[in-house]
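1. just need the structure, nothing else, for what follows:
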Amino acid sequence: MNDSSRSRRRMTGAERREQLIQIGRALFAEKGFDGTSVEEIAASAKVSKPVVYEHFGGKEGIYAVVIDREMQRLLTLVTQALSASHALVKLERAALALLQYIEESSEGFRILVRDSHAASGTGTFASLISDIASQVEDVLADEFKERGYDPNLAPMYAQMLVGMTALTGQWWLDVRKPRREEVAAHLVNLSWNGLTGLDPNPQLTAATRGLVLAPPADARTARPTERELKESEKARERELKEQEKAQREQEKLQRDQEKLQRDQEKARERELKEQEKTRERELKEQQKKLQREQEKAQRDQEKARERELKEQEKTRERELKEQEKVQRDQERLQRDQEKARERQARRAAKGGPQQGDADSA
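-> Predicted coordinates:
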């Protein structure tokens, strides 16, 4: 399968996981843990951030796997070196093992020592050095017994010896000169012979010269470590929790939307009821106003009729009074006429009218 066919083929979960580990390893070596982001890892792998979270739960998971692999690789090399029978050969091979690891796994060594110092007593590299010192301690204790030294001092000398070697390795990581076997020879010269007995031209013994320790099985083909399995399980648990959380949030959002919809419907119902009440009030007010106007008009009509009746009554009374006055006048005129006729009759009866009567007539 060529590269183009491989790039088109979808990676399996294990392949994707290994890809993310290798990319993370390179970025951690270049920028450190704090300087590396999930976004950078995802971009370098040409995947989305959720893919990284799905496999490792974040950059912490990748970093833990990388640290575990590098520590196991270095410990395996040192353990092989300390399996030699002679103490001098053990010392030579242990120094050579560290330098070989630095030369072959420079990125891994940079990750181990970037945020911790071998002499600080803390951090991943310090704990690794302590593990190696524990193995060297047993070798030194046997040598001290044979030479009459106090074996209880072996732990302190082991820390001195391993610390010196580790710090030299950190220095050699950047300079790379001289070559590793020569550096190992000088390390052993100082630690084995001491300053007063330094060999001007130190060399490794024949049992160590040209030795290349077999590295542990390639992490790419090795079975997942316990840490990796735990991290994978944690990643799956985190993914499930995130899914459950997202589902709960979605359900809550749906409930909130339904509640909002119900509230809106209630608000509309209240608004319609208020509008209906307002219309009813307005209609009642209009009806009351119309009724009041009708009642007022009716009262005004009744008052007008009453006034009209009173005026008619007054008119009739005036007419009656006028009639009665006319009648009285007529009766008075009639009486006057009768009186006049009576006077004329009396004068006629007396024989002629008298002067006064004539004047009156």
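2. make it CA atoms for all contacts and neighbour counts henceforth
-> OK.
3. can you name the residues that contact Thr196?
-> Thr196 is in contact with no residue at all, counting by C-alpha atoms under 8 Å, 6 or more residues apart in numbering.
4. ok, it to Gln327 distance?
-> Spatial separation of Thr196 from Gln327 under the definition C-alpha to C-alpha, to the nearest Å is 180 Å.
5. try Lys289
-> Using C-alpha to C-alpha, Lys289 is found at 55 Å from Gln327.
6. repeat that for Ala84.
-> If you measure Ala84 against Gln327 using C-alpha to C-alpha, the figure is 174 Å.
7. between the two, who's got more neighbours?
-> The neighbour comparison of Ala84 against Gln327 (other C-alpha atoms under 10 Å) goes to Ala84, with 17 against 12.
8. backbone dihedrals for the closest residue to the more buried one other than its chain neighbours, please?
-> Nearest residue to Ala84, sequence neighbours excluded (C-alpha to C-alpha, 6 or more residues apart in numbering): Lys90, at 5.4 Å. Here the main-chain torsion angles of Lys90 (degrees, to the nearest 10) amount to phi -60, psi -40.
9. if I read this right, Lys90 contacts Leu82, doesn't it?
-> Yes. Here Lys90 reaches Leu82: they are 4.9 Å apart, a contact under C-alpha atoms under 8 Å.
10. distance from the chain centre to the longest helix along the chain, please.
-> The helix of greatest length in the chain, counted in residues with DSSP state H as the criterion, is given as helix 226-350. Taking C-alpha atoms, centre = their mean, to the nearest Å, one finds helix 226-350 lying 60 Å from the centre of the chain it belongs to.
11. Ala154: neighbouring residues, count only.
-> Residues lying near Ala154 (other C-alpha under 10 Å) number 23.
12. what about it, which SS state?
-> Three-state assignment for Ala154 (DSSP: H, G, I helix; E, B strand; the rest coil): helix.
13. kindly report the same for the one 3 residues further on.
-> Following three-state DSSP, Tyr157 is assigned to helix.
14. could you check how far it is from Tyr149?
-> 12 Å.
15. over to Ala97?
-> Taking C-alpha to C-alpha as the measure, Ala97 falls 27 Å from Tyr149.
16. the two - which one has more neighbours?
-> Set Ala97 next to Tyr149 and count neighbours by other C-alpha under 10 Å: Ala97 wins out with 28 against 14.
17. can you pull the contacts of the more buried one?
-> Leu74, Leu77, Val78, Ala81, Leu213.
18. please tell me how far the nearest residue to Ala45 once chain neighbours are set aside sits from Phe28.
-> The shortest distance from Ala45 to any residue that is not its chain neighbour, by C-alpha to C-alpha, 6+ apart, is 6.7 Å, and that residue is Leu20. To Phe28, Leu20 is 12 Å away according to C-alpha to C-alpha.
19. for the two, indicate the residue with more neighbours.
-> Of the pair Leu20 and Phe28, Phe28 is the one with more neighbours under other C-alpha under 10 Å, namely 26 against 22.
20. following the helix or strand harbouring that one, which helix or strand comes up?
-> Applying DSSP states H and E as the criterion places Phe28 in helix 13-35. Moving toward the C-terminus from helix 13-35, the next helix or strand (DSSP H and E) is helix 38-45.
21. can you list the buried residues in that following helix?
-> Of the residues in helix 38-45, those buried by neighbour count under the rule 16 or more other C-alpha atoms under 10 Å are Val38, Ile41, Ala42, Ala45.
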